[in-house]
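Q: below: sequence and its predicted model.
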Amino acid sequence: MEYFAFVMAFAGMAFIMYRQQRTIDALTNKLMARDYREYASMQTKPQEPEKKKRKPMSWFDHVGEDEVEDLH
């Protein structure tokens, strides 16, 4: 039982240290940037996954979503 408590305490301390290091790194990056534009360019932006186009099931389905907007 004591071993389990020791492991849990160690894991908790490691997690706290990891979060603190992430915060320190983020603040250092923000501080070292010349301006906000440079800081924003250093941040990774999540890329949207490409939409899968479905296979047309009949002759009526030949129009894609992007082509529908062109028709209006």
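A: On my side now, so go ahead.
Q: quick one: list the elements packing against the top helix by length along the chain.
A: Scanning the chain for the helix with the most residues, using DSSP state H, yields helix 2-32. If you count contacts as 3 or more C-beta pairs under 8 Å, 6 or more residues apart in numbering; DSSP states H and E, helix 2-32 packs onto helix 36-42. (Each C-beta comes from the backbone N, C-alpha and C, glycine too.)
Q: what does the helix it packs on rub up against?
A: Here helix 36-42 makes contact (C-beta atoms under 8 Å, 6 or more residues apart in numbering) with 29-30, 33.
Q: with pLDDT and neighbour count added, can I get the residues you listed in TSV?
A: Rendered in TSV, the data for these read as follows (pLDDT from 0 to 100; neighbours: other C-beta atoms under 10 Å):
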residue	pLDDT	neighbour count
Asn29	81	13
Lys30	81	12
Ala33	77	14
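Q: what residue lies at the spatial centre of this structure?
A: Within the chain, one residue has its C-alpha closest to the average C-alpha position: by C-alpha atoms, centre = their mean, that is Pro46, at 4.6 Å.
Q: checking that residue next. Helix, strand or coil?
A: With DSSP: H, G, I helix; E, B strand; the rest coil as the basis, the three-state label of Pro46 is coil.
Q: need the contact list for it.
A: Counting by C-beta under 8 Å, 6+ apart, Pro46 touches no other residue.
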